[in-house]
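Q: Fold the following for me, if possible:
(4 chains)
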Number of protein chains: 4
Amino acid sequence: MSAKTFKTSLRVTWADTDAAGVVHFSNYFRFFERAEEEFYASLGFTFLDVRETGLWFPRVEACCEYKKPSRYNDLLEISVSVEELREKVLKLGFELTNKSSGDLIAVGHLVIVAVDKQAGKAAKIPSMIFEKLRPLAKQIL
Amino acid sequence: MSAKTFKTSLRVTWADTDAAGVVHFSNYFRFFERAEEEFYASLGFTFLDVRETGLWFPRVEACCEYKKPSRYNDLLEISVSVEELREKVLKLGFELTNKSSGDLIAVGHLVIVAVDKQAGKAAKIPSMIFEKLRPLAKQIL
Amino acid sequence: MSAKTFKTSLRVTWADTDAAGVVHFSNYFRFFERAEEEFYASLGFTFLDVRETGLWFPRVEACCEYKKPSRYNDLLEISVSVEELREKVLKLGFELTNKSSGDLIAVGHLVIVAVDKQAGKAAKIPSMIFEKLRPLAKQIL
Amino acid sequence: MSAKTFKTSLRVTWADTDAAGVVHFSNYFRFFERAEEEFYASLGFTFLDVRETGLWFPRVEACCEYKKPSRYNDLLEISVSVEELREKVLKLGFELTNKSSGDLIAVGHLVIVAVDKQAGKAAKIPSMIFEKLRPLAKQIL
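A: Predicted coordinates for the structure are as follows:
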């Protein structure tokens, strides 16, 4: 991933695991969203700022490919990149690697739409946020 | 437990377990709340009815004693009883047993307060709900 | 979906929701897996039977498209179909609808590989399970 | 709390919240356990070290009192203290405060027993771990 990629890390907790001794597959989506939140914080805004503009950012698609399992106490690095930026839609890409082994654990993406809470319809991403995402976008459509 | 006890059951899913191969201790509280929701449904109301009266039912205390582990695919029976009923406070007791072995798995309680959403202060449990709980209460204070 | 589709239902609990008042997107994957577990039970086996053969069924891909939000207390119907069946790989498709409105809520899939726990390599799906899935498969590859 | 208290912090994520706009009460137990894990790490061991000695640390009791709600993006400070240390039993106390307001959010405890995985019976806490906890214990029984 390029220099435009945001990176953060997290440690796998006991509650993230399942009876196979590995992180439950659904939890990687929570890891993605947590990285998304930290990515936005690094740009100076939060979901609360989105909501104050009368919008919210529901996910319309979430996918993950699982490459290797991760386990309790593993330290994971998460990379976040802006795969696509459209007027009303944002696609974020995620890569998780095990920080000690360097193994690729999971690759995935979230497609997020700006939606007007009152009207329940897609709306433009607020320009304050769009302008912060623009320089990081691999594709602007 | 007496005839005044509401009973429901649930099957342990894979996502409920942790790397020790047993249900993660925090999930019993979700089981309690799910049983609480079904208990209310059996009385003819939901959290939504509570919220429509301008109140909500936050928990002020939650406790659980763990007696034996439960595992993936176990069928659990949950008993719900009204331990105490006060003007503004409700204490629900829970017992989980393994339906096939009869083993007691967990015992716990939730203390719930009716709170006015606007004022942020304790309020009377709506009489519609109070009257439904009253005949089931072990103690009315 | 065809007559070969397995159907089950579940009620959204309070713990499934997030601060937007809707089911958190990651929880649909838990709903998928719970439906998968009930699907297997309807065929007469569980993850435990898989594990007793020395295998497990890790997910290598999980995707979901979100069509409409679902909320606390909604009754959801989940359809499970066998999209593809290969010697070592199984792709299950899922559709969630709101039972009272009929609205399509989410569509997704899981790609599952049979893996030898000792060797850590893909292995043949046990024939007992393969034969139960075969008559339901839309594609056998 | 005294100088013997371990402190860590965490930021509330969107997935921690429920439809009331606050952290779901069950998640505080996950916060407690995460703080417990970091506390052990600060002493130089993990659950994995416990398991390598043939033991595990199941919880036999978990309680929490909720004082004020916490919300998405709140930064919480968690204090962990060793309330009681016995030969086979450990009681950890937890306090969560909102770092920006200073408000007390929740107070709770976990009672943990060292259990022999094979025998399924209570066993002595490994001396390596006991000696690390001893100087921090408010009560040694």
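Q: Could you pull up the contacting residues of A:A19?
A: Contacts for A:A19 (C-beta atoms under 8 Å, 6 or more residues apart in numbering or on different chains) come out as B:14, B:17-19, B:21-22, B:71-72. C-beta: built from backbone N, CA, C; applies to glycine.
Q: ok, of those residues, which come out buried?
A: B:14, B:17-19, B:22, B:72 (16 or more other C-beta atoms under 10 Å in any protein chain shown).
Q: Near chain D, which residues of chain A are found?
A: A:11, A:13-15, A:30, A:33-34, A:37, A:46-48, A:72-73 (C-beta under 8 Å from any C-beta of the partner chain).
Q: let's see 6 Å
A: A:13, A:15, A:30, A:34, A:46, A:73 (C-beta under 6 Å from any C-beta of the partner chain).
Q: Could you list which of those also contact chain B?
A: Applying C-beta under 6 Å from any C-beta to the residues of chain A next to chain D, one finds that A:A15 fall near chain B.
Q: Out of the residues of chain A next to chain D, which sit inside helices?
A: Among those, the residues falling in helices (DSSP state H) are A:30, A:34.
Q: Please tabulate the residues of chain A next to chain D in TSV and include neighbour count and pLDDT as additional columns.
A: Listed next are the residues of chain A next to chain D as TSV, based on neighbours: other C-beta atoms under 10 Å in any protein chain shown; pLDDT from 0 to 100:
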residue	neighbour count	pLDDT
A:T13	20	98
A:A15	21	98
A:R30	21	98
A:R34	18	98
A:T46	15	94
A:N73	16	97
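Q: In JSON lines: the residues of chain A next to chain D, plus distance to chain C.
A: Formatted as JSON lines, those follow (distance: C-beta to the nearest C-beta, whole Å):
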{"residue": "A:T13", "distance to chain C": "15"}
{"residue": "A:A15", "distance to chain C": "14"}
{"residue": "A:R30", "distance to chain C": "5"}
{"residue": "A:R34", "distance to chain C": "11"}
{"residue": "A:T46", "distance to chain C": "12"}
{"residue": "A:N73", "distance to chain C": "20"}
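Q: if we can go back for a sec, and of the contacts of A:A19, the nearest to C:A114?
A: The closest of the contacts of A:A19 to C:A114 turns out to be B:W14 (C-beta to C-beta; 15.9 Å).
Q: need the contact list for the closest one.
A: Applying C-beta atoms under 6 Å, 6 or more residues apart in numbering or on different chains to B:W14 gives the contacts A:18, B:72.
Q: Give me the pLDDT for it.
A: Listed pLDDT for B:W14 reads 98.
Q: cool, A:A3 as well?
A: For A:A3, the predicted pLDDT is 57.
Q: A:R59 now?
A: Taking A:R59 on its own, its pLDDT is 97.
Q: Isn't it up against A:L110?
A: Yes. In this structure A:R59 lies within contact range of A:L110 using C-beta atoms under 6 Å: 5.4 Å.
Q: can you pull out the helices in chain A?
A: Going by DSSP H, chain A shows helices at A:27-43, A:47-52, A:127-133.
Q: Go through the helix or strand of chain A with the lowest mean pLDDT and flag the buried ones.
A: In chain A, no helix or strand scores lower on mean pLDDT, DSSP states H and E than helix A:47-52, which sits at a mean of 92. Buried residues in helix A:47-52, counted by 16+ other C-beta under 10 Å: A:47, A:50.
Q: And the contacts of it?
A: Contacts of helix A:47-52 (C-beta under 6 Å, 6+ apart): A:F57.
Q: Run through the residues that contact the residue most central in space within chain A.
A: Taking C-alpha atoms, centre = their mean, the centroid of chain A lies closest to A:E36, which sits 3.6 Å from it. Counting by C-beta under 6 Å, 6+ apart, A:E36 touches A:L92.
Q: What parts of chain A come near chain C?
A: Residues of chain A lying close to chain C by C-beta under 6 Å from any C-beta are A:20, A:25-26, A:29-30, A:56, A:59-66.
Q: quick one: the residue of chain A positioned farthest from its centre and B:P126, what's the gap?
A: Ranked by distance from the centre of chain A (C-alpha atoms, centre = their mean), the top residue is A:A19, with 26.1 Å. Distance, A:A19 to B:P126, by C-beta to C-beta, to the nearest Å: 42 Å.
Q: Give me the buried positions along stretch A:78-97.
A: A:78-86, A:89-97.
Q: Quick check: which ranges of chain A have low pLDDT?
A: A:1-3 (pLDDT under 70).
Q: quick one, strands of it?
A: Secondary structure of chain A (DSSP state E): strands at A:6-11, A:55-56, A:59-66, A:75-85, A:89-98, A:104-113, A:115-116.
Q: Which of those sits closest to C:G120?
A: Here strand A:59-66 is closest among these (C-beta to C-beta), at 13.6 Å.
Q: Which residues does that closest one contact?
A: A:28-29, A:106-113, C:25, C:59-66.
Q: just checking, A:A123 touches A:A114?
A: Yes. If you go by C-beta under 6 Å, A:A123 and A:A114 touch, sitting 5.1 Å apart.
Q: Pick out whichever of those two has more residues nearby.
A: Just comparing A:A123 and A:A114: by other C-beta atoms under 10 Å in any protein chain shown the higher neighbour count belongs to A:A114, 23 against 19.
Q: hang on, the more buried one packs against A:K88?
A: Yes. If you go by C-beta under 6 Å, A:A114 and A:K88 touch, sitting 5.3 Å apart.
Q: What residues does A:F6 make contact with?
A: By C-beta under 6 Å, 6+ apart, the residues touching A:F6 are A:39, A:42, A:80.
Q: can you rerun that using 8 Å?
A: So A:F6 contacts A:35, A:38-39, A:42, A:79-81, A:136 (C-beta under 8 Å, 6+ apart).
Q: Can you spell out which residues form a bridge with it?
A: For A:F6, the beta-bridge partners are A:V80 (DSSP bridges).
Q: and which of the buried ones among the contacts of A:A19 is nearest D:T5?
A: B:D18 (26.6 Å).
Q: close enough to count as contact, that closest one and B:H24?
A: Yes. With contacts counted by C-beta atoms under 8 Å, B:D18 reaches B:H24, the gap being 4.2 Å.
Q: Touching both of the two, which residues are there?
A: Common neighbours of B:D18 and B:H24 (C-beta under 8 Å, 6+ apart) are A:14-15.
Q: Next, the contact list for A:A106, please.
A: Contacts of A:A106 by C-beta under 8 Å, 6+ apart are A:28, A:64-67, A:94-96.
Q: how about 10 Å then?
A: The neighbours of A:A106, taking C-beta atoms under 10 Å, 6 or more residues apart in numbering or on different chains as the test, are A:23, A:25, A:28-29, A:31-32, A:64-70, A:76, A:78, A:94-97, C:62.
Q: what's the span of stretch A:42-57 from first residue to last?
A: 18 Å (C-alpha to C-alpha, to the nearest Å).
Q: where does chain A come near chain B, residue by residue?
A: Within chain A, the positions near chain B by C-beta under 10 Å from any C-beta of the partner chain are A:12-27, A:71-72.
Q: okay, how far is it across stretch A:18-29, tip to tip?
A: Termini of stretch A:18-29 sit 15 Å apart (C-alpha to C-alpha).
Q: thought A:E87 was touching A:A114?
A: Yes. If you go by C-beta atoms under 10 Å, A:E87 and A:A114 touch, sitting 8.6 Å apart.
Q: Can you get me a residue count around A:R59?
A: Around A:R59 there are 21 residues (other C-beta under 10 Å).
Q: meant to ask about A:A137, not that
A: If we define neighbours as other C-beta under 10 Å, then A:A137 has 18 of them.
Q: do you know how far the closest residue to it other than its chain neighbours is from chain C?
A: Distances taken as C-beta to C-beta, 6 or more residues apart in numbering or on different chains place A:L85 nearest to A:A137, at 3.9 Å, with adjacent residues excluded. Going from A:L85 to chain C by C-beta to the nearest C-beta, to the nearest Å gives 20 Å.
Q: Quick check: beta-bridge partners of A:L85?
A: Under the criterion used (DSSP bridges), A:L85 bridges to A:L90, A:I140.
Q: right, so of the strands of chain A, which gets closest to D:I140?
A: It's strand A:6-11; of the strands of chain A, that one is closest to D:I140 (C-beta to C-beta) at 30.1 Å.
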